[in-house]
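1. sharing a model that was predicted from the sequence below.
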Amino acid sequence: MSEINIANSSGRDAVVVANSARSVLNVHWVDDQGRQVSPVRVVKATISQDGPALARQFGGMDKVSAALVEGDPEIDLEKVGRILRDTSRVYVDPEGEIVHRVQFWEVVRNPDGSERERRPRRILDTNVAGEVPLRWSGKFIKKEEACRRFVFSGKVQLHHINGLTYDFLFEMAKQLEAKDSLMFLGAGPKSNQPLILKRGGIPYRGFLEGRTDGDKYCLILHFSNLELKAPEEAPKQESES
Amino acid sequence: MARPLVFQFGDRDLPFTLNKVDRSKLYGYKEMAVLTEDGQSCELATLADDGCTVVGRGGTGLGQLSVDGLWCDKQTLKPVDQNGNEIKPVPSSFSAPVRLFETVSVSDYFKHNIRLVYHVTSEDDISDLVAELKKGTLFSFPYSYRGGLAADAGFLLMGEEDRIFLLVGSPTKIEFIGLQQVAAVDEGEEDEDEAESMDFDMI
C-alpha cells in the first residue's frame, strides 16, 4: 500500500491509502508425493563462455561450431548448473567486462522506428503523495464512453485510515456514483499532469470511479496510458509477447 | 498464414484476424541506451553472489528442487492452487471457436486490469455481430493465446469509428469497504509490486 494525497469537490484534502487491487493466481508445483517443490535459477552459461565470447575466442561462429563438435568449450564445469541466489544487476561492455560508470540515454522513436530525439535519461519523481493534493478536476466521462476510449491497465483502491477519512472518501464515492462517470484525475496545480506512482515510473492518466453499497464504498483509481484505437496501418497478425 | 481466432456468434463461426495494439504503434516508443564513458554500448548482466561470475542474457535457466534438494523434472510435477487442488490446464482459444454468449456490464469490465489489446478484423459478413456490439454489448469469455494453467478474461467490444477490439486482462480484488476496515498507513513493498507490474505490462 502507499499514500495518496487527494482533494474532494470542496477543495478539502486528506492523505489516504492506495491499496493494490491486483489479484495474483497462486500456483504451486508438487511432486508425485504431493510435496511442494521450490523454483531455482541456475547458471547455463557464463559470459566468458557464451556465444559472442566463443565467437571472439575462435574467430567466428563458423569456427565455434567445429569447436563444439570437438569439445565442450561452452561449459565451465565449476560454474554451469550452479544455483543463483542473491544476485546483483551489472552492466557489461561488448567484451563482457563489468562497467562501473555508465551513462543513460533515452532514445525517443516515432511509431515507424525513426529517431525523434536523443537525450539524457530523465527520472521523474512521484507526484501523488506530495504536499500538493490531486485536485478534484470536475472533468467527467461517462463509464460507457470511457471503456470505449481508454485502456485501463492498472488500478488501486483508495482506503480510509480513520473515521474522518471514511466520511471523506464515502462522500466522494457517492458523488461519482451519482454521475455514473469516471472523473479525470491529474497532478499539478491545473490537474493536467499525468500521475507518477513511483520515482522513475511510467506516467499514467488517472480516472477516479466511485461505487457505494449501503454504508460501504469503493473508490477506484484507474490508470491508463493507451487510447483504444487502431494504429494507422494495421500490421500483419502478431503473436502474444 | 497465422490461424484466425474464430468466434461463434449465434449459429455462425466468424474468423477474425488479430492485430496487436500498443503504445509504440500509436505514439512511438522510448529506448534506453546505456553507454560507457567512451561511448560503447552496454548490456545488463547478472553478477552471482561469489562476486566474480557474470552471466549474460540467456545465460540462466529455471529449475525445480524437491524438499530434499534434488532436481525435479517439470514433466513429473503437477500444478495446484493454494488449497492443494490440481489445476486443469486450459486449451488455446485458437483450438476451437470461442462462443459469444456471455455479456458483462461496464462496472464488471472495470474490475479488470487490461494487459493486451487487439484490433480484430474479419473478411466475412459480420453485420449481425457489429449490430449487437453497436448497442453497447460487452462480450466476455475465457481467453488463452497458447493455452496454459489458467485462462485470462477476454472482452470483445466496439471502440470508436466502429472498430472491434479484443481486450485481454485479469480480474482484480476490488471490494466494498466499510468504516471498520481501516487501513494502516505503512509504506510496504506491495505498492512497489503494483508499480513495477504496471511498468512491466506497459513496456
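-> On my side now, so go ahead.

2. ok, residue B:11 - how many residues close by?
-> 5 (other Cβ atoms under 10 Å in any protein chain shown). Using the backbone N, CA and C atoms, a C-beta is placed for each residue, glycine as well.

3. also the one 5 residues further on?
-> Residue neighbour count, defined by other Cβ under 10 Å, stands at 23 for residue B:16.

4. so who does it touch?
-> Applying Cβ atoms under 8 Å, 6 or more residues apart in numbering or on different chains to residue B:16 gives the contacts B:4, B:5, B:6, B:7, B:120, B:121, B:122, B:164, B:166.

5. my read: the first one touches residue B:17, true?
-> Yes. The criterion here is Cβ atoms under 8 Å, and residue B:4 meets it with residue B:17 at 5.8 Å.

6. what sits in contact with each of those two?
-> Jointly contacting residue B:4 and residue B:17 under the rule Cβ under 8 Å, 6+ apart is no residue at all.

7. can I get the contacts of residue B:16 in CSV with pLDDT, distance to residue A:58 and neighbour count?
-> As requested, the contacts of residue B:16 are exported to CSV (pLDDT from 0 to 100; distance: Cβ to Cβ, whole Å; neighbours: other Cβ atoms under 10 Å in any protein chain shown):
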residue, pLDDT, distance to residue A:58, neighbour count
B:4, 92, 46, 19
B:5, 95, 46, 23
B:6, 96, 50, 17
B:7, 96, 53, 24
B:120, 95, 49, 20
B:121, 94, 49, 16
B:122, 94, 52, 17
B:164, 96, 53, 20
B:166, 97, 48, 25
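
8. which of the residues you listed come close to chain A?
-> Residues of the contacts of residue B:16 in contact with chain A (Cβ under 8 Å from any Cβ of the partner chain): residue B:121.

9. let's see which of the contacts of residue B:16 end up in helices.
-> Counting by DSSP state H, none of the members of those fall within helices.

10. which one of the contacts of residue B:16 is nearest to chain A?
-> Within the contacts of residue B:16, proximity to chain A (Cβ to the nearest Cβ) peaks at residue B:121, which comes in at 7.0 Å.

11. hmm, that closest one is touching residue B:15, no?
-> No. At 10.1 Å, residue B:121 does not count as touching residue B:15 under the criterion of Cβ under 8 Å.

12. tell me how many other residues crowd the nearest residue to residue A:38 once chain neighbours are set aside.
-> Of all residues not flanking residue A:38 in the chain, residue B:65 sits nearest, at 5.1 Å (Cβ to Cβ, 6 or more residues apart in numbering or on different chains). Other residues lying near residue B:65 total 15 when counted by other Cβ under 10 Å.

13. please enumerate the strands of chain B.
-> Along chain B, counting by DSSP state E, strands occupy B:5-9, B:12-21, B:29-36, B:43-47, B:54-55, B:60-65, B:71-72, B:78-80, B:98-99, B:112-121, B:139-143, B:152-158, B:164-171.

14. any part of the fifth one near chain A?
-> Right, strand B:54-55. Yes. Using Cβ under 8 Å from any Cβ, strand B:54-55 comes into contact with chain A via B:54, B:55.

15. where does the chain dip in pLDDT?
-> Chain wasn't specified; assuming chain A. In the predicted model, chain A carries pLDDT under 70 at residues A:1, A:233-241.

16. my bad, chain B
-> Using pLDDT under 70, chain B drops low at B:1, B:185-203.

17. and the residue nearest the centre of it?
-> For chain B, the residue nearest the mean C-alpha position is residue B:115 (4.8 Å; Cα atoms, centre = their mean).

18. who's in contact with the residue nearest to residue A:38?
-> Counting by Cβ under 8 Å, 6+ apart, residue B:65 makes contact with A:37, A:38, A:40, B:71, B:72.

19. burial measure for the second one, as a count.
-> When neighbours are counted by other Cβ under 10 Å, residue A:38 registers 13.

20. and chain A, what are its domains?
-> If you go by automatic domain parsing, the domain ranges for chain A are A:2-21+A:124-227, A:45-77.

21. out of the ones you listed, deepest packed?
-> domain A:2-21+A:124-227 (a mean of 18; mean count of other Cβ atoms under 10 Å in any protein chain shown).

22. end to end, how far does that one reach?
-> One end of domain A:2-21+A:124-227 to the other measures 27 Å (Cα to Cα, to the nearest Å).

23. likewise for stretch B:53-71?
-> Terminal residues of stretch B:53-71 are spaced 22 Å apart (Cα to Cα).

24. give me the buried positions along that stretch.
-> Across stretch B:53-71, burial judged by 16 or more other Cβ atoms under 10 Å in any protein chain shown covers B:53, B:54, B:55, B:56, B:59, B:60, B:63, B:64, B:66.

25. so what's the third one closest to, chain neighbours aside?
-> Translated: residue B:55. Spatial nearest neighbour of residue B:55, excluding adjacent residues (Cβ to Cβ, 6+ apart): residue B:46 at 4.5 Å.

26. can you count the residues close to the one you found?
-> Using other Cβ under 10 Å, residue B:46 has 21 neighbouring residues.

27. which residues touch it?
-> Going by Cβ under 8 Å, 6+ apart, residue B:46 touches A:84, A:87, A:88, A:89, A:90, B:54, B:55, B:56, B:59, B:60.

28. ok, those vs residue A:60, which is closest?
-> Using Cβ to Cβ, residue B:56 comes nearest to residue A:60 of these, at 18.9 Å.

29. and that closest one, how close does it get to residue A:15?
-> The gap separating residue B:56 from residue A:15 is 45 Å, by Cβ to Cβ, to the nearest Å.

30. and if you look at residue A:74?
-> Distance, residue A:74 to residue A:15, by Cβ to Cβ: 56 Å.

31. try residue A:53
-> 53 Å.

32. next: residue B:160.
-> 37 Å.

33. try residue B:49
-> 40 Å.

34. repeat that for residue A:31.
-> Remark: distance between residue A:31 and residue A:15 (Cβ to Cβ) = 48 Å.

35. which residues does residue A:13 bridge with?
-> residue A:7 (DSSP bridges).

36. that one contacts residue A:130, correct?
-> No. Contact criterion Cβ under 8 Å: residue A:13 and residue A:130 do not qualify, at 11.2 Å.
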